[in-house]
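Enquirer: build the 3D model from these lines:
(2 chains)
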Protein chains: 2
Amino acid sequence: MYRLYGVKKWGSLGPQCILEEVGAPYEMVWLSAEDRRGSYRKINPLGYVPSLQLADGRFVFESSAIVTHTTDAHPSALAPRPGTPDHAMYLSWLTWMNAEIYSTMNAAEFLEDEGNTVGDAASRASLAEAVRAKVDGLFDIVERHLGGGFMLGKVVSAADIYLMMVTLWTRPNRRALYERCPNIGRVVAAVNARPAVVKVLALNDLA
Amino acid sequence: MYRLYGVKKWGSLGPQCILEEVGAPYEMVWLSAEDRRGSYRKINPLGYVPSLQLADGRFVFESSAIVTHTTDAHPSALAPRPGTPDHAMYLSWLTWMNAEIYSTMNAAEFLEDEGNTVGDAASRASLAEAVRAKVDGLFDIVERHLGGGFMLGKVVSAADIYLMMVTLWTRPNRRALYERCPNIGRVVAAVNARPAVVKVLALNDLA
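Expert: From the prediction side, this is the model:
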């Protein structure tokens, strides 16, 4: 039995979809944004979600690591087998979306979160604008990569579900992104039609 | 045959150590910082290093993804087997070091790299200071995790080699980090005594 610690609509959403997709038994522990500053820091020192507790009690951090472990440990059509060239591309895109898109979106916020102030209000606005422009450029790379297909080629994979998750947080909103990047919009629509994803979106108040 | 694109002392150093450690055949393609802004963008749209070209011609991005694929495809004592709980912890720490330590170190630089200006000189200095403080806190987490052991427990793994790499870029310098965090210093010393690592450090002008 896994235990997944998360916040509704946050970075636990993708891992939760994958646990549902592969039929792995798990218990969901919902945290509030405030809980992340409290005793949860004993589990995850930065207060980040998600954390996945394994059956042996250890905790796995980073959403792309949780997704990769889940598909490695529970083989399905959602992901290639470890050690293959296709799995290398799967690792590449998952890690890239985590380390580039997700981390860039969080850059300004989490620097402040730790009590470090970054310049005055005007420079914080300038940082937020630089982050938005960089994230737009990252989604443009994904849009060109997709062409008429999916993240790993001709069929939906766990990487497409991860992509759907990171689009949720786009500024000004995800619908503007899907309009600007129709390939991303098409992939997200295909992901959102899957029964396991429909269930998890509802559990995250995103019905 | 793999082909690894990198810049001396940059993020290709860890993956190069792992390729040497497992004895995988590879060709090194050295780029200058300027090359990253030229035709290399056709390979890696952001101009980031490293990129690993697979035998089938495809390119794997993100240093932790390259390290994970290399140890998944070439089993050795350096990493646990995919799908096991130990491999979940390996993915967790590698991805965390990539997405948190490495990406935070690069945050200010790469926002500017794309031509976005972040406030005035004073606020850029303030951002650089916030980055330095956050990175110190991340290394403190690693220091407490290590205790008297290594990243994955009692023996050296590819995660320790990755840790050695990210310490190279510490401000003001890595020796100050090893003094402040003696467990990290001890692990790096053990890593740097390995013949494959000695060879790669020399190839990166870090003898």
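Enquirer: mean confidence score for the helix ranked longest in chain A?
Expert: Longest helix of chain A, by residue count under DSSP state H: helix A:121-146. Computed over helix A:121-146, the mean pLDDT rounds to 88.
Enquirer: look up how far A:S51 lies from the nearest residue to A:D56 once chain neighbours are set aside.
Expert: The shortest distance from A:D56 to any non-neighbouring residue, by C-beta to C-beta, 6 or more residues apart in numbering or on different chains, is to B:P85 (5.5 Å). C-beta: built from backbone N, CA, C; applies to glycine. From B:P85 over to A:S51 the distance is 14 Å, taken as C-beta to C-beta, to the nearest Å.
Enquirer: output the below-cut-off pLDDT ranges for chain A.
Expert: A:108-119 (pLDDT under 70).
Enquirer: spatially nearest residue to the residue located most distally from the centre of chain A, not counting backbone neighbours?
Expert: Most distant from the centre of chain A: A:D120, at 30.3 Å, with distances by C-alpha atoms, centre = their mean. With C-beta to C-beta, 6+ apart as the measure, B:S123 is the residue that lies nearest to A:D120, at 6.8 Å, once sequence neighbours are left out.
Enquirer: over to A:G47?
Expert: Sequence neighbours aside, A:R36 is the residue nearest to A:G47 in space, at 3.9 Å (criterion: C-beta to C-beta, 6+ apart).
Enquirer: quick check: that neighbour is in a strand.
Expert: No. Assigned with DSSP: H, G, I helix; E, B strand; the rest coil, A:R36 falls outside any strand and is helix.
Enquirer: how many other residues sit next to it?
Expert: 18 (other C-beta atoms under 10 Å in any protein chain shown).
Enquirer: what do you get for the one 3 residues further on?
Expert: Other residues within reach of A:S39 by the criterion other C-beta under 10 Å amount to 7.
Enquirer: dump the residue contacts of it.
Expert: By C-beta atoms under 8 Å, 6 or more residues apart in numbering or on different chains, no residues touch A:S39.
Enquirer: ok, now A:I43?
Expert: A:I43 touches A:5, A:51, A:53, A:59, counting by C-beta under 8 Å, 6+ apart.
Enquirer: next: A:V200.
Expert: Counted by C-beta under 8 Å, 6+ apart, A:V200 has contacts A:13, A:16-17, A:20.
Enquirer: out of these, which is most surrounded?
Expert: Neighbour max across the contacts of A:V200 (other C-beta under 10 Å) = A:C17, 28 neighbours.
Enquirer: centre of the chain to the host helix or strand of that residue, how far?
Expert: Per DSSP states H and E: A:C17 is located in helix A:13-22. A distance of 11 Å separates the centroid of the chain from that of helix A:13-22, by C-alpha atoms, centre = their mean, to the nearest Å.
Enquirer: does it reach chain B?
Expert: No. Figure legend: helix A:13-22 not in contact with chain B (C-beta under 8 Å from any C-beta of the partner chain); closest approach 11.9 Å.
Enquirer: between B:P85 and A:S51, who's got more neighbours?
Expert: A:S51 (23 against 16).
Enquirer: any idea what the closest residue in space to A:A99 that isn't next to it in sequence is structurally, helix, strand or coil?
Expert: Closest residue in space to A:A99, ignoring its immediate chain neighbours: B:A99 at 4.2 Å, by C-beta to C-beta, 6+ apart. Under three-state DSSP, B:A99 falls in the helix class.
Enquirer: my guess is B:A99 meets A:S103, correct?
Expert: Yes. If you go by C-beta atoms under 8 Å, B:A99 and A:S103 touch, sitting 5.2 Å apart.
Enquirer: the more surrounded of the two?
Expert: B:A99 (25 against 20).
Enquirer: contact partners for that one?
Expert: A:62, A:64, A:95, A:98-99, A:102-103, B:64.
Enquirer: do that again at 10 Å, thanks
Expert: A:48, A:61-65, A:95, A:98-100, A:102-103, A:106, B:62, B:64 (C-beta atoms under 10 Å, 6 or more residues apart in numbering or on different chains).
Enquirer: and if you look at A:I101?
Expert: Applying C-beta under 10 Å, 6+ apart, the residues contacting A:I101 are A:134-135, A:138-139, A:141-142, A:162-163, A:165-167, A:169-170.
Enquirer: ok, of those residues, which come out buried?
Expert: A:134-135, A:138-139, A:142, A:162-163, A:165-167, A:169-170 (16 or more other C-beta atoms under 10 Å in any protein chain shown).
Enquirer: what is the nearest of those to chain B?
Expert: Each of those was checked against chain B using C-beta to the nearest C-beta; the closest is A:K134, at 5.8 Å.
Enquirer: quick check: the gap between A:A125 and chain B.
Expert: 9 Å (C-beta to the nearest C-beta, to the nearest Å).
Enquirer: number of nearby residues for that residue?
Expert: Considering only other C-beta under 10 Å, A:A125 is surrounded by 13 other residues.
Enquirer: then A:D35?
Expert: The local packing of A:D35 (other C-beta under 10 Å) involves 16 other residues.
Enquirer: is it true that it touches A:V29?
Expert: Yes. Counting by C-beta atoms under 10 Å, A:D35 touches A:V29, with 9.4 Å between them.
Enquirer: give the contact list for A:E34.
Expert: So A:E34 contacts A:Y40 (C-beta under 10 Å, 6+ apart).
Enquirer: can you map out the strands along chain A?
Expert: A:2-6, A:26-30, A:51-53, A:59-61 (DSSP state E).
Enquirer: of all those strands, which one is nearest chain B?
Expert: strand A:59-61 (4.4 Å).
Enquirer: could you chop chain A up by domain?
Expert: A:2-78, A:85-194 (automatic domain parsing).
Enquirer: and A:A73, how far from B:A99?
Expert: Where B:A99 is concerned, A:A73 sits at a distance of 21 Å (C-beta to C-beta).
Enquirer: one more: A:K154?
Expert: From A:K154 to B:A99 the distance is 29 Å (C-beta to C-beta).
Enquirer: repeat that for A:D160.
Expert: Where B:A99 is concerned, A:D160 sits at a distance of 20 Å (C-beta to C-beta).
Enquirer: how about A:A158, what does it touch?
Expert: A:A158 touches A:14-15, A:17-18, A:21-22, A:64, A:67-68, A:70-71, A:76-80, A:90, A:93-94, A:151-152, A:191, counting by C-beta under 10 Å, 6+ apart.
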